[in-house]
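> prediction below, plus the sequence it came from.
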Amino acid sequence: MIKVLLTGSSGQLGHSLIKSKPANICLITPNRKELDLSNPKECFDKTLEIKPDWILNCAAYTAVDLAESNHELCFRINKDAPKYFAKALNIVGGNLIQISTDYVFNGTQNYPYQTDQIKNPINIYGKSKAEGEDEIQKEMKNPKNYYILRTSWLMGQKGGNFSSNIIELLSKKDKIDVVSDQFGSPTTTISLANVLWELISKDKFIKQYNLNKYPIYHWTDDGITSWYDLALEIYSISSKLGLIEKNKIIRPIKSSNYKTNARRPLFSVLDCNSTQKLLNIKRIPWQKSIHQMLLEKLKEKNLNI
Ligand SMILES: NC(=O)c1ccc[n+]([C@@H]2O[C@H](COP(=O)([O-])OP(=O)(O)OC[C@H]3O[C@@H](n4cnc5c(N)ncnc54)[C@H](OP(=O)(O)O)[C@@H]3O)[C@@H](O)[C@H]2O)c1
C-alpha cells in the first residue's frame with residue numbers, strides 16, 4: 001500500500017480525490033482541527049509522525065479577494081505550510097505534490113504559459129502560491145521527490161466554485177452579468193484528481209527512467225474560454241439536467257465594470273504538453289469535462305452526498 005497524506009480533504013479537489021482513490025492507496029485525511037496548515041510546527045510534526053510516502057497538498061487559502069486584506073494568514077497557509085512539509089519529508093524520505101495555480105502569472109501574454117516561465121503574480125493569493133512553490137524548490141533536497149502541479153479555473157461537483165455560483169445565481173435571478181474579457185482553461189476536479197493518481201502510480205517508472213527533468217507541471221482541461229462563455233455552457237448543461245430553470249439571461253460585461261478586491265489575470269492559459277507527455281494521457285475538451293462534473297453533481301444531489 002502507498003501511504004498518502006491528503007490535506008484539504010474537505011475542499012472540492014479533496015472530495016474528488018477521495019471518491020477516485022485507487023485500491024492500493026492508504027489515504028490519511030486529517031481535517032483542519034487535526035492538522036492546521038497555518039501552524040508550521042504542526043505541518044512538520046504531523047509529517048514526521050505519519051511518515052507518508054506522499055503528501056498531496058491540496059489545502060490552501062483560496063479566498064482570492066479576502067487574501068488582499070489577510071496577507072499574513074494567506075502566506076502562512078500557502079507559503080510556510082509547504083515549506084515545513086518539505087523540511088519534514090527530507091527527514092522521512094517521502095514525496096510531495098503541491099497544487100499551484102495559473103494566478104502565479106500576470107496574464108499579459110496571449111499564448112499559453114510554459115512551465116518554466118518567470119512568475120509575476122498580480123494579487124496576494126498568486127504571490128503566496130508562487131512563494132510556496134519557491135520554498136519547495138529551495139527546501140526539497142531530492143528534486144525527484146516533488147512535483148508542483150499548476151491548474152486553473154477549478155470546478156468540482158462539491159463546494160464553492162464558479163459553476164456552483166452561476167447555478168445558485170441563476171436559480172435566484174432572471175438576469176446575470178458575467179465578465180467576458182478574461183480568458184483561461186476550465187478544469188474539473190474529476191480530471192485533475194485522475195491526473196494526480198496517475199502521477200503517483202507512474203512515479204516509480206518516472207524515477208527509473210529519469211523522466212522528471214523539470215518539477216513543474218500544468219494540468220487543465222482542453223480548450224480556452226471566457227468566464228462569460230463558460231457561464232453560458234454551465235447554464236445550457238444544467239438547465240438540460242434540470243438543475244436550473246430555462247429562460248434566464250446572461251449578459252457579457254468588461255472586467256473594468258466588475259470591481260473585485262484582487263486583480264485577476266486577463267489571460268491565464270497553461271501549456272499542458274509536458275504533463276501529457278510524461279503521463280501519456282490526453283486532455284478532454286472542457287465542455288465535456290464540465291458536463292461530466294454536472295452529471296456527478298446531479299447524482300450526488302439525488303443521493304444526498
Ligand atoms: N479553485 C480554483 O479555481 C483553483 C485554481 C487553481 C489552483 N487551485 C488550487 O487547487 C488546490 C485545491 O483547491 P480547491 O478549490 O479544492 O480548494 P477549496 O475547495 O477552497 O478547499 C480548500 C481546502 O483547504 C483547507 N484549508 C484551508 N485552510 C486550512 C488550514 N489552515 N488548515 C487546514 N486546512 C485548511 C480547507 O479546509 P476547511 O474545509 O476546514 O476550510 C479545504 O479543505 C489549492 O491548492 C488551490 O490553491 C484552485
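Okay, I see it.

> number of residues surrounding the closest residue to the ligand within the stretch 151-300 of the chain?
In the stretch 151-300 of the chain, the residue that lies nearest the ligand is Leu154 (3.5 Å; Cβ to the nearest ligand atom). Bear in mind the C-beta positions are built from the backbone N, C-alpha and C, glycine included. For Leu154, the count of nearby residues is 24 (other Cβ atoms under 10 Å).

> try Lys129
Neighbour tally, Lys129, other Cβ under 10 Å: 30.

> next, it: secondary structure please.
helix (DSSP: H, G, I helix; E, B strand; the rest coil).

> next one: the one 3 residues further on
Three-state call for Gly132 (three-state DSSP): helix.

> tell me the contacts of it?
Asn78, Lys79, Ala81, Pro82, Lys83, Gln98, Ser100 (Cβ atoms under 8 Å, 6 or more residues apart in numbering).

> could you measure from it over to Leu266?
23 Å (Cβ to Cβ, to the nearest Å).

> likewise Ser256?
For Ser256, the distance to Leu266 - Cβ to Cβ - is 11 Å.

> please flag which of the contacts of Gly132 sit within helices.
Ala81, Pro82, Lys83 (DSSP state H).

> now neighbour count too, for the residues you listed, in CSV please.
Output for the ones in helices among the contacts of Gly132, formatted as CSV (neighbours: other Cβ atoms under 10 Å):
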residue, neighbour count
Ala81, 28
Pro82, 33
Lys83, 20
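
> with pLDDT added, can I get those residues in a markdown table?
Formatted as a markdown table, the ones in helices among the contacts of Gly132 follow (pLDDT from 0 to 100):
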| residue | pLDDT |
| --- | --- |
| Ala81 | 98 |
| Pro82 | 98 |
| Lys83 | 98 |
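
> nearest to Arg283 among those residues?
Within those, the smallest distance to Arg283 is 25.9 Å, found for Pro82 (Cβ to Cβ).

> wait, doesn't that closest one sit right on Asp134?
No - contact status for Pro82 versus Asp134: not in contact, 9.7 Å apart, counting by Cβ atoms under 8 Å.

> alright, I will stop here.
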